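Trainee: coordinates only, no sequence provided:
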């Protein structure tokens with residue numbers, strides 16, 4: 001359906017997990033990025049593990065789904081409609097916004113067709129076993145292209161780290177910022193807000209260990225002359241992120257024929273998606289992207305980020321007459337929306 005590139009402006013993170021542990025008795029945590037790892041056999045018989053950051057297809061799909069749901073709900077509000085105790089029934093909202101509803105069975109064809117006709121959100125993205133979606137969203141990966149247009153994943157080889165003849169290949173796109181909180185921080189000294197590198201953290205740990213040993217020796221000594229200052233770590237935090245300027249490439253593809261209304265709604269949703277931050281830690285300004293989309297019919301859409309605000313400043317559109325017509329149809333549907341379009345729990349059959 002369309003190819004796209006997303007280039008992050010500033011830092012970007014999609015969190016995989018947080019590792020919480022004690023480091024020499026110090027409370028600490030490390031936040032890891034989502035990434036893919038591939039075992040690559042080489043001609044010399046060695047094996048390489050390639051690990052690169054990723055914009056997950058599930059994350060992209062979930063963001064698109066939530067934006068289309070918001071588009072529908074805003075249309076209800078504009079018309080002054082109330083289709084439940086509040087705006088809509090909580091179950092209906094969940095079916096659209098998250099695709100939930102495990103208590104619904106696969107639907108008879110007549111029911112499925114009716115749902116698709118009434119609600120493009122569920123028709124495009126699906127819901128549980130009841131209605132299958134129509135959009136495929138693969139992971140977006142950091143490819144680089146040579147002069148011939150051939151793509152390869154961006155990585156560097158670490159020749160110094162080997163385990164059982166398996167060589168690890170790391171991505172230069174991932175950086176880590178580490179915050180260390182020590183006793184001097186509690187005392188309000190100048191380095192109270194320092195961000196330290198991994199090497200500096202190791203050096204700090206060694207100084208803590210040396211200080212503790214020296215103080216222990218002093219306590220064991222008969223001398224009352226204390227000369228060694230106390231150095232200690234209270235906590236540390238390590239956070240991975242993707243460096244600025246990384247371009248992720250992927251595509252969005254229809255796995256089933258989409259109606260003109262569904263295509264129009266999908267493009268309106270894309271235009272909302274590109275103005276929002278993507279990924280985790282958005283409150284810290286992470287996740288601003290500049291996008292470019294290329295449609296099968298040659299239509300294009302791209303965005304620019306205002307560097308002073310990290311917000312989308314402009315959307316460039318070059319759509320075909322067919323796509324313009326599909327968007328117009330979707331806008332009309334939103335104007336004409338009724339409660340029948342969102343009350344899916346009244347139609348779907350349960351297990």
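Mentor: It's in. What you are looking at is a predicted structure, and each value in this text was computed from that prediction instead of being measured. Numbers count the residues shown, from 1 in each chain.

Trainee: residue 143 contacts residue 249, correct?
Mentor: Yes: contact criterion CB atoms under 8 Å: residue 143 and residue 249 qualify, at 4.8 Å. Any C-beta I mention is one placed from the backbone N, CA and C, and that applies to glycine too.

Trainee: how close does residue 269 get to residue 242?
Mentor: Going from residue 269 to residue 242 by CB to CB, to the nearest Å gives 24 Å.

Trainee: go on, residue 325?
Mentor: Residue 325 is 38 Å from residue 242, by CB to CB.

Trainee: same question, residue 131
Mentor: Residue 131 is 34 Å from residue 242, by CB to CB.

Trainee: any weak-confidence spans in the stretch 51-200 of the chain?
Mentor: 101-102, 151-171, 179-200 (pLDDT under 70).

Trainee: re earlier: out of residue 269 and residue 242, which sits in the more crowded spot?
Mentor: Legend: neighbour count by other CB atoms under 10 Å for residue 269 and residue 242, higher for residue 242 (28 against 25).

Trainee: tell me the bridge partners for that one.
Mentor: Per DSSP bridges, the residues bridged to residue 242 are residue 12, residue 174.

Trainee: residues in contact with it?
Mentor: 8, 11, 12, 13, 33, 53, 173, 174, 175 (CB atoms under 8 Å, 6 or more residues apart in numbering).

Trainee: try it again at 10 Å.
Mentor: By CB atoms under 10 Å, 6 or more residues apart in numbering, the residues touching residue 242 are 8, 10-14, 33-35, 52-55, 142, 171, 173-175, 248, 279, 286-287.

Trainee: filter those to the buried ones?
Mentor: Among these, the ones that count as buried by 16 or more other CB atoms under 10 Å are 8, 10-14, 33-35, 52-55, 142, 171, 173-174, 248, 279, 286-287.

Trainee: counting only strands, which of these make the cut?
Mentor: Applying DSSP state E to those, the entries found in strands are 8, 33, 35, 52, 53, 174, 248.

Trainee: redo those residues as JSON lines? Include distance to residue 123.
Mentor: Converted to JSON lines, these look like this (distance: CB to CB, whole Å):
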{"residue": "8", "distance to residue 123": "31"}
{"residue": "33", "distance to residue 123": "33"}
{"residue": "35", "distance to residue 123": "33"}
{"residue": "52", "distance to residue 123": "34"}
{"residue": "53", "distance to residue 123": "32"}
{"residue": "174", "distance to residue 123": "38"}
{"residue": "248", "distance to residue 123": "27"}
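
Trainee: got a list of what the most centrally placed residue in the chain touches?
Mentor: Centroid-nearest residue in the chain, with CA atoms, centre = their mean: residue 279, separated by 3.0 Å. Listed by CB under 10 Å, 6+ apart, the contact set of residue 279 reads 8, 11-15, 33-34, 55-56, 59, 63, 241-242, 286-289.

Trainee: any idea of the pLDDT on it?
Mentor: Here the pLDDT value assigned to residue 279 is 90.

Trainee: what of the one 4 residues further on?
Mentor: At residue 283, the predicted lDDT confidence score is 72.

Trainee: for it, give its distance to residue 277.
Mentor: With CB to CB as the criterion, residue 283 and residue 277 are 9 Å apart.

Trainee: buried stuff in stretch 2-21?
Mentor: For stretch 2-21, by 16+ other CB under 10 Å, it's 2, 4-14, 16.

Trainee: and the helix or strand that contains residue 62, what does it pack against?
Mentor: According to DSSP states H and E, residue 62 maps onto helix 57-79. Secondary-structure packing of helix 57-79 (3 or more CB pairs under 10 Å, 6 or more residues apart in numbering; DSSP states H and E): helix 90-97, helix 120-125, strand 135-136, strand 247-254, helix 260-273, helix 321-335.

Trainee: buried ones in that helix?
Mentor: For helix 57-79, by 16+ other CB under 10 Å, it's 57, 59-69, 71-73, 75-76.

Trainee: swap in stretch 89-100?
Mentor: For stretch 89-100, the neighbour count (16+ other CB under 10 Å) marks 89, 91, 92, 93, 95, 96, 97, 99 as buried.
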